[in-house]
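Chemist: Any chance you could fold what I've pasted below:
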Amino acid sequence: MGVTDSGILGDREFPSTSWSVILRVQDPDSPEYGRHLGRLIELYWRPVYSVIRHAYGRAHDDAKDLTQEFFATVVVDRALVRTFAPERGSFRTLLRTALTHFMRDVARGATRQKRGGGALPVSLDRFEAGAFDAVPGAEQLTPEQMFDLTWNEAVMSEALARLEKRLAGEGRATVYEVFRRYDLAGDGEEASYADLGRELGMSVPQVKHALLHARATFREIVTALVRGYVDDPADLAAELRRLLGG
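Modeler: The predicted structure is shown next:
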């Protein structure tokens, strides 16, 4: 699946339903506006930062400041969220296109804010240094490819966190461990069902059943996440193919 245990975003949490959060930041007069805007930024900052940092070759501090500026000016001041219409495509596409236009303005010196300006409920300074690590092969990617790569990592990382939490809550932590070891950590290329079963105290049929259950649940969780930012069924199917293959 092309994703590590921790993913790019580590253990930071997506909003429970990103679509509901997008809707809730369309009304700046709402008493919950600041909180939901903060959650939206936490969700989407990494793809924006990665494009600015790696695809446009900006130094780390400048990329952080430009990321803050993008959210302050484009998302908040220009009310990007309130222009979103699901029938015109996904929110991911809207944000990616807006970032391309923003960086063109930066190149022309046409942005309004001083670097780092703009009052936002979330500062990138709160995140650990490791969250800003370079993306392997970044120099070979276009800005669009970089954005999609880090977006994919965000979705998959959150899905894995939800899968682990759900299975643990069901008393099936071992099911997640089988999935982690076989599908995520690469043990599937080296260890057989029998090997994993011996290590985890499971029979071969139990290992097979655990993998089937975890994979099906994981797909269900990814589907729910994608429905949070894609409205059209055809777009949903395309996003799932992009993320999960098949």
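Chemist: Nearest residue to the middle of this protein?
Modeler: In the chain, the residue lying closest to the centroid (C-alpha atoms, centre = their mean) is residue 154, at 2.1 Å.
Chemist: Is it correct that that one is in contact with residue 48?
Modeler: No: applying C-beta atoms under 8 Å as the test, residue 154 and residue 48 come out as separate, 11.0 Å apart. C-beta: built from backbone N, CA, C; applies to glycine.
Chemist: any common contacting residues for these two?
Modeler: Here residue 154 and residue 48 share no contacting residue, scored by C-beta atoms under 8 Å, 6 or more residues apart in numbering.
Chemist: re the thing from before, what's the average pLDDT for the strand or helix carrying the residue nearest to the centre of the chain?
Modeler: Residue 154 is located in helix 143-169, with elements delineated by DSSP states H and E. Mean per-residue pLDDT for helix 143-169: 89.
Chemist: repeat for stretch 72-81
Modeler: Regarding stretch 72-81, the rounded mean pLDDT is 75.
Chemist: For it, buried residues please.
Modeler: Residues 72, 73, 74, 75, 76, 80, 81 are the ones in stretch 72-81 that count as buried (16 or more other C-beta atoms under 10 Å).
Chemist: Show me the domain layout of this structure.
Modeler: 15-141, 142-246 (automatic domain parsing).
Chemist: which one of these has the lowest average pLDDT?
Modeler: domain 15-141 (a mean of 75).
Chemist: Spell out, range by range, the helices that occur in the protein.
Modeler: Applying DSSP state H to the chain gives helices spanning 18-24, 33-50, 60-69, 91-107, 143-169, 173-179, 193-200, 204-227, 233-244.
Chemist: so what's residue 67 closest to, chain neighbours aside?
Modeler: Nearest residue to residue 67, sequence neighbours excluded (C-beta to C-beta, 6 or more residues apart in numbering): residue 49, at 4.5 Å.
Chemist: need the contact list for that neighbour.
Modeler: Residue 49 neighbours (C-beta under 8 Å, 6+ apart): 63, 64, 67, 124, 132.
Chemist: right, and residue 95 touches residue 48 too?
Modeler: Yes: contact status for residue 95 versus residue 48: in contact at 7.4 Å, counting by C-beta under 8 Å.
Chemist: Compute the number of surrounding residues for residue 245.
Modeler: Using other C-beta atoms under 10 Å, residue 245 has 8 other residues around it.
Chemist: quick one: it and residue 69, what's the gap?
Modeler: To residue 69, residue 245 is 36 Å away according to C-beta to C-beta, to the nearest Å.
Chemist: Residue 170: which of the buried residues of stretch 72-81 is nearest?
Modeler: residue 81 (35.2 Å; C-beta to C-beta).
Chemist: Correct me if wrong: residue 168 contacts residue 176.
Modeler: Yes: between residue 168 and residue 176 there is a contact at 6.9 Å, judged by C-beta under 8 Å.
Chemist: Compare neighbour counts for these two and give me the winner.
Modeler: More crowded of residue 168 and residue 176, by other C-beta under 10 Å: residue 176, with 23 against 13.
Chemist: quick one: that one and residue 214 touch, right?
Modeler: Yes: between residue 176 and residue 214 there is a contact under C-beta under 8 Å: 6.3 Å.
Chemist: Show me whatever sits in contact with both of the two.
Modeler: With C-beta under 8 Å, 6+ apart, residue 176 and residue 214 have common neighbours 163, 167.
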